[in-house]
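Enquirer: Sequence plus the predicted model coming up.
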Amino acid sequence: MYAEKICSPTISTSPCNKAWAFEMVPDAELEGFEEKRVTVGDVAECRTKCRDEQIFTCRSANYFPVNGSCSLSSIDRHSSPSTNLFHHSPGTIYLESTCMDEPAGLCDFKSVRGRILKTVDSVFQGISSTAQCQTLCLTASPYRCHSYDYGETGEGVCRLSHHTAATLSHVRQPFLEIETATMHQITACYNVSVTCKDDGMVARVRTTKMFSGKIYTKSRPHSCIVDVKNKMEFELNVGYNDVNCDVERSEDGQFVTDVILQHHDRIVTSTDIGLQVRCRYDMANTTLHQGMEMGLEMNNMAYAEDTLVGAPNVSMRITDQSGGDISSAKVGDPLALRFEILDKRSPYEIFVRELVAMDGLDTSEILLIDSLGCPTDSSIMQSMTTVGSAKILQANFDAFKFPSSPLVQFRALVTPCMPRCDPVRCEDRGTFFSSLGRRKRDVPEEGMEDVQMANKKTNNNGSDPVSVVVANAVHIVDSFQLEGEDSLPDSSASCVFDSVHTLAVCVVLSVFLVCQCVLLMLCAS
């Protein structure tokens, strides 16, 4: 690992109270979102230009020694919408500022299992819980902490680091691979402020990661909505008398609406956030509450779909990723769609394609596995893999729902093969893999030139196979918990802000999914 301590030059007019002002990565470049390009004498002057920038927040810079060019950017490796923008660039010097103030209202962490960092910035002993370790990461460090692990190197040991996987792509083997270990890294932090006006409310959001998606009111997801594209600050105006937004009004002059931050264009996932916004017009102080609890639950009863296709009987179940039946789950929980030939002595194997998720209103649908058998977006539904044999196929996914309906329906086309089903070759974001086996090593792009032709030949063993449509549905109910209800998020997980204005605003993040399973069966031959 390369490291260099940089002392901030005295000519800079911007104070910095961090342990270090910049991180420098030689022979690397972060592309995109350039706000300004200036000519400088050396790398130190490029750093100073970034720190003293007044028009926009400079989070990083690329210095090109060949021509003395300094490119200032409004994003860094943490806020970049894609890890592919940071790449090897011989001769270029990448500079990343640590001095800016980030939104501190609410941070979402993602657990990464099976690995921890070899080297960290701080180690604390005698820490009583994971929550206390996370609090240290957010508040007690003299640098921008982005990841932590707790209890992995000793009882009560909390380790903090300014690194995540996004900032370690240039480092060789930065992790210790331990099957039972878990590290936690920040995905994004949000700061939500609400302005109550005479004719409506405005919810303003600042985030640490470039956001693309939608912000909308839960009751009117199609009419009271703003599409956001690659922004770190955005807002939603909700008019009190706007029928498209449907703001609820109580007798005491309180206005309430539920707001959703949705990352995916079509469906609600575990990365999305639910906010309840209130404005009350009286002389009380203004209080803003924020929580991070996603209340989207799914209760899945036992269900399976049996379909007769010639000789084999095929079932489709929703299970955990080990194949066990589940009775309940939350949005974001690891689940799986499992397709299985029930007759173990059957000579057939199976191949799955055209997997579709639909809402209960038949107004929205999303294609998860295409007609070739390849996932359309592996972040939503992963590729089909065999479980023991090609008689059992499984696709892992994180539980999700549609914003406009409590029902999620799955439908897929299952094709039996004789004597075997050949895997189809797929590509997703530059990675090439097989849809019926382990992910293979990346192959050159030219190796995909014959993929489409090869896929056309896949599973055509002499005669056209007979296909069957299998279906399954999950009933999903979501709800927000209001202030004063019996079950509220733990105050330790909430952020509270006070104001002297004559309004009261409460934002509680919770979305609860209760799922009851309905078995649907469609047969086609």
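Expert: That came in fine, so what should we check first?

Enquirer: Would you map the helices across this structure?
Expert: Using DSSP state H, the helices assigned to the chain run over residues 43-51, 130-135, 451-457.

Enquirer: Looks like residue 27 contacts residue 65 (just checking).
Expert: No: in this structure, residue 27 is not within contact of residue 65 by CB atoms under 8 Å, at 11.1 Å. From N, CA and C alone the C-beta is placed, and that goes for glycine too.

Enquirer: Spit out the residues that contact those two alike.
Expert: Taking CB atoms under 8 Å, 6 or more residues apart in numbering as the criterion, residue 27 and residue 65 both touch 91, 93.

Enquirer: what about residue 264, neighbour count?
Expert: Residues within reach of residue 264, counting by other CB atoms under 10 Å, total 18.

Enquirer: Just want to check the distance between it and residue 403.
Expert: The gap separating residue 264 from residue 403 is 10 Å, by CB to CB, to the nearest Å.

Enquirer: about what we covered before: return the member of the helices of the chain having the minimum mean pLDDT.
Expert: When the helices of the chain are ranked by mean pLDDT, helix 451-457 comes last with a mean of 44.

Enquirer: center of the protein, which residue is that?
Expert: Nearest to the mean C-alpha position of the chain, by CA atoms, centre = their mean, lies residue 271 at 4.3 Å.

Enquirer: who's residue 401 bridged to?
Expert: Beta-bridge pairing of residue 401 under DSSP bridges involves residue 268.

Enquirer: Please read the previous query as pertaining to residue 159.
Expert: Residues in beta-bridge contact with residue 159 (DSSP bridges): residue 123, residue 149.

Enquirer: what's near enough to touch it?
Expert: If you count contacts by CB under 8 Å, 6+ apart, residue 159 has them with 116-117, 120, 122-124, 148-150, 152-153.

Enquirer: now those as CSV including pLDDT and distance to residue 372?
Expert: CSV is the format used below for those (pLDDT from 0 to 100; distance: CB to CB, whole Å):
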residue, pLDDT, distance to residue 372
116, 94, 38
117, 94, 39
120, 93, 44
122, 92, 49
123, 95, 50
124, 95, 51
148, 95, 42
149, 96, 40
150, 95, 43
152, 94, 41
153, 92, 46
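
Enquirer: if we take the residues you listed, which one ends up nearest to residue 231?
Expert: Closest approach to residue 231 among the contacts of residue 159 (CB to CB): residue 148, at 28.1 Å.

Enquirer: could you measure residue 26 against residue 257, distance?
Expert: For residue 26, the distance to residue 257 equals 50 Å [CB to CB].

Enquirer: Between these two, tell me which one has more neighbours.
Expert: residue 257 (25 against 14).

Enquirer: okay, the more buried one: pLDDT?
Expert: In this prediction residue 257 is given a pLDDT of 84.

Enquirer: Show me what the longest strand seen in the chain pairs with in its sheet, parallel or antiparallel.
Expert: Longest strand in the chain by number of residues, with DSSP state E as the criterion: strand 175-196. Using DSSP bridges, strand 175-196 pairs in its sheet with strand 106-117 (antiparallel), strand 147-150 (antiparallel), strand 200-217 (antiparallel).

Enquirer: Just the C-alpha atoms of the second one, please, in CSV.
Expert: C-alpha atoms of strand 147-150 as CSV (Å, rounded to 0.1, in the frame of the first residue of the first chain):
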residue,chain,number,x,y,z
SER,A,147,-16.1,1.4,7.3
TYR,A,148,-15.8,-0.6,10.5
ASP,A,149,-15.7,-4.1,11.9
TYR,A,150,-16.6,-5.2,15.5
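
Enquirer: Name the residues of that strand that are buried.
Expert: By 16 or more other CB atoms under 10 Å, the buried positions in strand 147-150 come out as 147-150.

Enquirer: and what of the last one?
Expert: Applying a neighbour-count criterion of 16+ other CB under 10 Å, the buried positions in strand 200-217 are 200-201, 203, 205-211, 213-217.

Enquirer: Just the CA coordinates for it, please, in CSV.
Expert: The C-alpha trace of strand 200-217 is given here as CSV (Å, rounded to 0.1, in the frame of the first residue of the first chain):
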residue,chain,number,x,y,z
GLY,A,200,-47.2,23.5,1.0
MET,A,201,-44.0,21.8,2.2
VAL,A,202,-40.6,21.4,0.6
ALA,A,203,-38.5,18.3,1.4
ARG,A,204,-34.8,18.9,0.6
VAL,A,205,-32.3,16.1,0.5
ARG,A,206,-28.5,16.2,0.5
THR,A,207,-26.6,13.0,0.1
THR,A,208,-22.9,11.9,0.1
LYS,A,209,-23.4,9.7,-3.0
MET,A,210,-24.6,10.7,-6.4
PHE,A,211,-28.3,9.8,-6.6
SER,A,212,-30.3,8.7,-9.6
GLY,A,213,-33.9,7.6,-9.1
LYS,A,214,-37.1,9.1,-7.9
ILE,A,215,-38.5,11.1,-5.0
TYR,A,216,-42.3,10.9,-4.6
THR,A,217,-45.2,10.8,-2.2
